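K.L.:
sharing a model that was predicted from the sequence below.
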Amino acid sequence: MRIVAYLYQDPLLEAVADPVNWPVEVAQVYQDLAMAASPTSARRKSAQQAAAMEKRSPEKRPLEKRPQWQQLLQDCDAVAPDFVLVRQLEDLGYSVQEVSDRLRELELRGIPLMTLEELERSGFDPSALVTEDSRAEMLQRLQEMQQNQRSRRIRQGHARNRVKALPPPGKAPYGYRRSKTGYVVDRTTAPVVKDFFEQFLLYGSIRGAVRYMAKRYNKKVSASTGLRWLTNPVYRGDLEYQDGKIIRDTHPAIISRDEAAQVDRLLKRNRRIAPRAASAPRSLAGLVVCGECQSSMTVTRVTTHNRQQEYLYLRPRNCARQPKCSAIPYDEVLQATIERICEDLPRAVSGVELPDMTQIKQSTVGAIATKQAALDQLPDLVASEVLDQDTADLRAYKLRTEMAELEDKLAQLPPVDLKATAQTVSIPQFWFDLSESERRFYFREFIRQIQLVRHEQAWELKLLFFFSP
């Protein structure tokens with residue numbers, strides 16, 4: 001049995017380079033691309049003509065020229081296949097009329113058509129298809145297809161906006177407003193967002209930044225909304241679309257690239273500990289683990305009867321031992337932690353083989369420069385008619401998304417020399433001059449866990465650093 005396949009793809013909606021895995025053996029595949037990305041479409045019609053064509057209803061548009069479909073018909077006149085296979089009926093045209101016309105062309109030649117869905121129902125046996133039943137079912141599906149065309153045209157419109165780096169549909173994020181060319185900064189709300197980011201960068205706490213914003217600006221949002229703000233590329237001057245691709249520098253940014261890289265690093269660090277511990281007011285919260293019962297230790301506050309004096313303790317959260325492991329004064333553990341980090345951190349850093357950050361950065365910067373050079377050549381290729389404007393826009397979109405991925409990789413590299421930083425923070429007075437929030441920030445930069453090892457009459461601490469094995 002000889003089967004030929006017809007494939008119609010829109011580069012705006014799918015990757016044309018990806019091969020299609022047909023479930024049966026096909027003798028030949030005929031492939032047409034959407035007219036919007038054809039090499040000569042931009043030179044045939046002006047922008048005004050293309051816009052007027054787009055506003056027409058599918059029934060009133062001229063039949064799209066498909067050279068490979070015409071080639072398929074010519075080959076069928078020479079050697080008729082047993083079946084023509086398509087992914088879906090929509091691949092034959094943008095309207096019911098177009099699909100019906102192309103079905104009629106096959107009918108005149110006595111060649112049945114089947115879709116992948118019909119092939120699957122037949123158990124991948126084309127000979128098991130009943131053409132009479134398929135024809136009635138196909139007519140019903142034509143009516144359903146007419147209803148789906150509106151959704152497809154909307155997605156195509158969104159895809160064209162994506163290629164042109166225009167904002168996606170929907171309300172502009174808080175801090176921005178829409179204009180004809182894209183997002184512009186809203187001067188009344190952008191300072192609130194800017195202050196929110198600065199609070200998070202200062203203390204590394206989402207809940208703390210949210211509480212600060214509610215207290216100062218009376219802007220009440222949840223912690224999950226605050227997290228979405230921190231990870232939203234819009235505030236960095238970028239646009240993210242439904243396919244997950246990011247295009248950089250499409251509108252004015254509220255935070256700088258350095259601040260964005262710091263935000264990503266803090267969020268990655270906070271994911272290693274419990275959410276509430278990341279924003280707890282005490283610097284040791286979520287870090288200390290009892291070496292006896294292996295339970296995490298929580299900070300407990302005890303006050304006197306008249307509440308004039310306060311005592312802090314670290315006690316196991318879920319101790320299964322009998323009797324339970326005793327609580328330890330918080331200040332004593334904090335003092336011991338500072339002594340241990342000043343003694344252990346330089347020694348731990350000196351024994352770690354760190355990757356060559358200079359070479360990694362140079363390699364990434366070189367890859368970005370190569371893609372930027374290719375991007376700069378596109379206007380000349382359009383002017384010399386090697387590429388049409390639609391194809392150039394699509395290529396520019398792909399290059400810019402690839403550059404965005406490389407620049408994100410570059411921004412996430414460590415910004416400072418770890419060994420030099422370890423020498424600076426190994427001075428006890430450095431830690432004592434910090435507030436609890438500031439100590440919490442720096443503890444989480446280096447310490448993964450603090451193990452409290454108990455002895456009969458005393459206890460000691462063991463620090464586990466992020467970069468230690």
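P.N.:
Nice, thanks for sending it over.
K.L.:
which stretches in this protein count as strands?
P.N.:
With DSSP state E, the ranges of strands along the chain come out as 3-9, 28-33, 83-86, 113-115, 176-178, 183-185, 239-240, 246-247, 288-290, 297-303, 310-316, 328-329, 447-454, 459-465.
K.L.:
so can I have TSV of the ones you listed showing distance to I360, mean neighbour count and mean pLDDT?
P.N.:
Placement of C-beta: from N, CA and C, glycine included. Shown next, in TSV, are these (distance: least, Cβ to Cβ, whole Å; neighbours: other Cβ atoms under 10 Å; pLDDT from 0 to 100):
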stretch	distance to I360	mean neighbour count	mean pLDDT
strand 3-9	37	20	90
strand 28-33	39	16	90
strand 83-86	47	21	90
strand 113-115	49	20	85
strand 176-178	34	17	92
strand 183-185	33	17	92
strand 239-240	25	20	85
strand 246-247	21	20	82
strand 288-290	34	22	90
strand 297-303	38	15	85
strand 310-316	40	17	87
strand 328-329	42	16	90
strand 447-454	23	17	88
strand 459-465	22	16	89
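K.L.:
contact partners for the closest residue in space to L7 that isn't next to it in sequence?
P.N.:
Of all residues not flanking L7 in the chain, Q31 sits nearest, at 4.4 Å (Cβ to Cβ, 6 or more residues apart in numbering). Contacts of Q31 were listed using Cβ atoms under 8 Å, 6 or more residues apart in numbering, and they are Y6, L7, Y8, Q9, Q68.
K.L.:
wait, the second one sits on R87?
P.N.:
I take that to be L7. Yes. Between L7 and R87 there is a contact under Cβ atoms under 8 Å: 7.0 Å.
K.L.:
tell me, how many residues neighbour G237?
P.N.:
Residues contacting G237 under the criterion other Cβ atoms under 10 Å number 19.
K.L.:
may I have the phi/psi pair for the closest residue to it other than its chain neighbours?
P.N.:
Closest residue in space to G237, ignoring its immediate chain neighbours: A253 at 3.2 Å, by Cβ to Cβ, 6+ apart. Backbone torsions of A253, given as degrees, to the nearest 10, read phi -90, psi 150.
K.L.:
who are the contact partners of A253?
P.N.:
Neighbouring residues of A253 by Cβ under 8 Å, 6+ apart: Y235, R236, G237, D238.
K.L.:
W229 reaches D195, doesn't it?
P.N.:
No. Using Cβ under 8 Å, W229 makes no contact with D195, being 11.7 Å away.
K.L.:
quick one: which of those two has more around it?
P.N.:
More crowded of W229 and D195, by other Cβ under 10 Å: W229, with 23 against 16.
K.L.:
tell me where the model's unsure across the stretch 1-150 of the chain.
P.N.:
Counting by pLDDT under 70, the stretch 1-150 of the chain contains low-confidence ranges at 17-18, 35-64, 124, 126-150.
K.L.:
what comes up buried for stretch 398-412?
P.N.:
Across stretch 398-412, burial judged by 16 or more other Cβ atoms under 10 Å covers L399, R400, T401, E402, M403, A404, L406, E407, D408, L410, A411.
K.L.:
pLDDT of it, averaged?
P.N.:
Average pLDDT, stretch 398-412: 80.
K.L.:
how about stretch 373-381?
P.N.:
89.
K.L.:
what lies in contact with that stretch?
P.N.:
Applying Cβ under 8 Å, 6+ apart, the set of residues contacting stretch 373-381 is L387, A392, R395, A396, L399, R400, M403.
K.L.:
how far does it sit from its chain's centre?
P.N.:
Mean-position distance between stretch 373-381 and its chain equals 27 Å (Cα atoms, centre = their mean, to the nearest Å).
K.L.:
ok, now which ones touch the closest residue to P173 other than its chain neighbours?
P.N.:
Spatial nearest neighbour of P173, excluding adjacent residues (Cβ to Cβ, 6+ apart): V234 at 4.9 Å. If you count contacts by Cβ under 8 Å, 6+ apart, V234 has them with P173, Y176, Y183, E240, H251.
K.L.:
hmm, try it at 10 Å
P.N.:
167-168, 172-176, 183, 193, 240, 250-251, 253-254 (Cβ atoms under 10 Å, 6 or more residues apart in numbering).
K.L.:
mutual contacts of L7 and R87, please.
P.N.:
Common neighbours of L7 and R87, using Cβ under 10 Å, 6+ apart, are V20, W22.
K.L.:
can you pull out the residues in contact with stretch 402-413?
P.N.:
So stretch 402-413 is in contact with 233, 236, 238-240, 245-249, 257-258, 260-262, 264-265, 268, 355, 357, 360-361, 363-372, 374-375, going by Cβ under 10 Å, 6+ apart.
K.L.:
just the buried residues of those.
P.N.:
By 16+ other Cβ under 10 Å, the contacts of stretch 402-413 give 233, 236, 238-240, 245-249, 257, 260-262, 264-265, 364, 367-368, 375 as buried.
K.L.:
returning to what we had before: so can I have TSV of the contacts of V234 showing distance to Q449?
P.N.:
Shown next, in TSV, are these (distance: Cβ to Cβ, whole Å):
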residue	distance to Q449
P167	43
P168	42
A172	43
P173	37
Y174	37
G175	37
Y176	41
Y183	42
V193	34
E240	34
T250	42
H251	42
A253	36
I254	35
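K.L.:
go through those and name the one nearest H455.
P.N.:
Comparing the contacts of V234 against H455 with Cβ to Cβ places V193 closest, at 51.1 Å.
K.L.:
nearest residue to the closest one in space, please, no chain neighbours.
P.N.:
The nearest residue in space to V193 (Cβ to Cβ, 6+ apart) is G175, at 3.9 Å.
K.L.:
tell me who's in contact with R315.
P.N.:
R315 neighbours (Cβ under 10 Å, 6+ apart): C290, S295, M297, T298, V299, T300, K324, C325, S326, A327, I328, Y330.
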